[in-house]
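# 3D, please:
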Amino acid sequence: MKPILTITGSDSTSGSGMQADIKTISELGGYAMSAITSITVQTTLGIQQFYDLPASIVNGQIEAIMNDFQPEVVKIGLIRNIETLRVVVNALRKYKPRHVIFDAVVLSSRGDKLMGKELQDTISAELIPLCTLVIQLDEKSMHGLANRYASAVAVYLAKGENIDNAQLLARNYINTQVPKTSDLQGRSSELYNDFMRAVNEHYRSNRDVHFYADKLNVSSRYLAQVTRRMSGLTPKNIIDEHLIHEIERQLKFSGKTIQEIAYSLGFSSQAHFTKFFKKLRGTSPTNYRKQ
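This is a model prediction of the structure:
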């Protein structure tokens with residue numbers, strides 16, 4: 001069996017993309033070769049950044065494999081720009097692999113949009129007519145395994161199965177994977193709980209999100225992704241809510257002056273304290289206390 005060329009993006013979590021393709025092809029006894037189109041910066045919570053490789057580099061990768069090995073089956077995934085698409089289309093026309101499997105990657109599993117309408121239209125006009133199979137699966141019923149399904153189809157085609165048998169065998173393979181496959185989970189819940197404990201301990205003296213991110217040894221951006229997913233709030237929202245509840249408690253039940261409360265909670269001045277409270281509650285601390 002000749003090697004299978006997979007042309008797609010790199011997923012640093014290995015949940016999809018190039019890493020998942022290589023894993024699936026290897027599990028089924030195939031040999032995967034690769035041409036990477038994009039490198040992603042991502043976590044289990046979503047994609048943070050893309051770096052699309054120059055089309056010339058993508059072309060160089062494809063040419064090297066095609067010249068050396070002439071794979072008869074090509075599996076295509078993430079393509080994010082027309083220049084790269086044209087490179088792929090030209091290679092398919094030039095080398096004419098027996099089978100081309102296209103797993104159209106429009107949205108990530110977290111809903112990140114991965115390609116625009118112009119690119120989708122160009123794919124429909126130029127790439128799809130060259131394909132043996134365009135993957136269209138119910139992602140929910142397949143538990144997000146469409147990428148692995150497409151790779152499995154590619155393996156069975158490389159083994160000499162016809163397209164119908166290849167799809168049947170690929171579905172059987174995926175069905176055996178579903179019971180032992182769950183969505184890849186990072187440490188979101190654990191980190192969220194650690195953050196809430198840190199806020200409970202430090203919100204009176206520190207309202208800087210970077211302070212909490214450093215304390216938890218994560219980036220501020222990742223911390224924000226976690227809190228939004230778990231509570232719908234930003235880290236700053238959570239810190240401010242803890243602080244405002246403490247302010248309300250002291251205004252209601254303590255005999256301290258407003259200035260004393262402000263300084264005890266780390267505000268630089270009573271004016272700063274009043275501005276903060278009014279922004280979150282729509283009234284001044286003095287009026288709140290009277291009410």
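
# distance from the top strand by length along the chain to the middle of the chain?
As assigned by DSSP state E, the longest strand anywhere in the chain is strand 32-43. Mean-position distance between strand 32-43 and its chain equals 13 Å (CA atoms, centre = their mean, to the nearest Å).

# buried sites along the helix or strand just after it?
Counting by DSSP states H and E, the next helix or strand C-terminal to strand 32-43 is strand 46-52. Buried residues in strand 46-52, counted by 16 or more other CB atoms under 10 Å: Ile47, Asp52. Backbone N, C-alpha and C define where each C-beta goes, glycine included.

# so what strands line up beside strand 46-52?
Here strand 46-52 has these sheet partners by DSSP bridges: strand 32-43 (antiparallel).

# neighbouring contacts of the strand it pairs with?
Applying CB atoms under 8 Å, 6 or more residues apart in numbering, the contact partners of strand 32-43 are 3-13, 17-18, 21-22, 25-26, 47-53, 58, 61-62, 65, 69, 71, 77-80, 84, 186, 222, 225.

# in ChimeraX, select just the buried ones from those residues.
Entered in ChimeraX, the line below selects the buried ones among these, by 16+ other CB under 10 Å:
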select :3,4,5,6,7,8,9,10,11,13,17,18,21,22,25,47,52,53,58,61,62,65,71,77,78,79,80,84,222,225
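
# low-confidence ranges, the stretch 151-291 of the chain, go.
The model of the stretch 151-291 of the chain has pLDDT under 70 over residues 177-186.

# how about the helices in the stretch 1-150 of the chain?
Secondary structure of the stretch 1-150 of the chain, counting by DSSP state H, counting those that start in this stretch: helices at 17-27, 55-69, 82-95, 117-122, 146-158.

# counting by contacts, list what the longest one packs against.
Put plainly, it is helix 55-69. When contacts are defined as 3 or more CB pairs under 8 Å, 6 or more residues apart in numbering; DSSP states H and E, helix 55-69 packs onto strand 4-10, strand 32-43, helix 82-95.

# change it to 6 Å
strand 32-43, helix 82-95 (3 or more CB pairs under 6 Å, 6 or more residues apart in numbering; DSSP states H and E).

# report the inter-axis angle for the longest one versus strand 4-10.
Okay, so that is helix 82-95. Counting by axes from the mean of the first three to the mean of the last three CA atoms, to 10 degrees, helix 82-95 lies at 180 degrees to strand 4-10.

# helix 82-95 to helix 55-69, inter-axis angle?
Using the same axes, to 10 degrees, helix 82-95 lies at 20 degrees relative to helix 55-69.

# touching helix 82-95 from outside, list them.
Thr37, Ala55, Val58, Asn59, Ile62, Met66, Ile79, Leu119, Thr122, Glu126, Leu127, Leu130 (CB atoms under 6 Å, 6 or more residues apart in numbering).

# try it again at 8 Å.
7, 37, 52-53, 55-56, 58-59, 62-63, 66, 70, 74, 76, 79, 100, 118-119, 122-123, 126-127, 130.

# quick revisit: most packed of the helices of the stretch 1-150 of the chain?
helix 146-158 (a mean of 26; mean count of other CB atoms under 10 Å).

# what's the angle from it to strand 4-10?
170 degrees.

# quick one: contacts for Thr234?
Ala224, Thr227, Arg228.

# I'm done for today, thanks for sticking with me.
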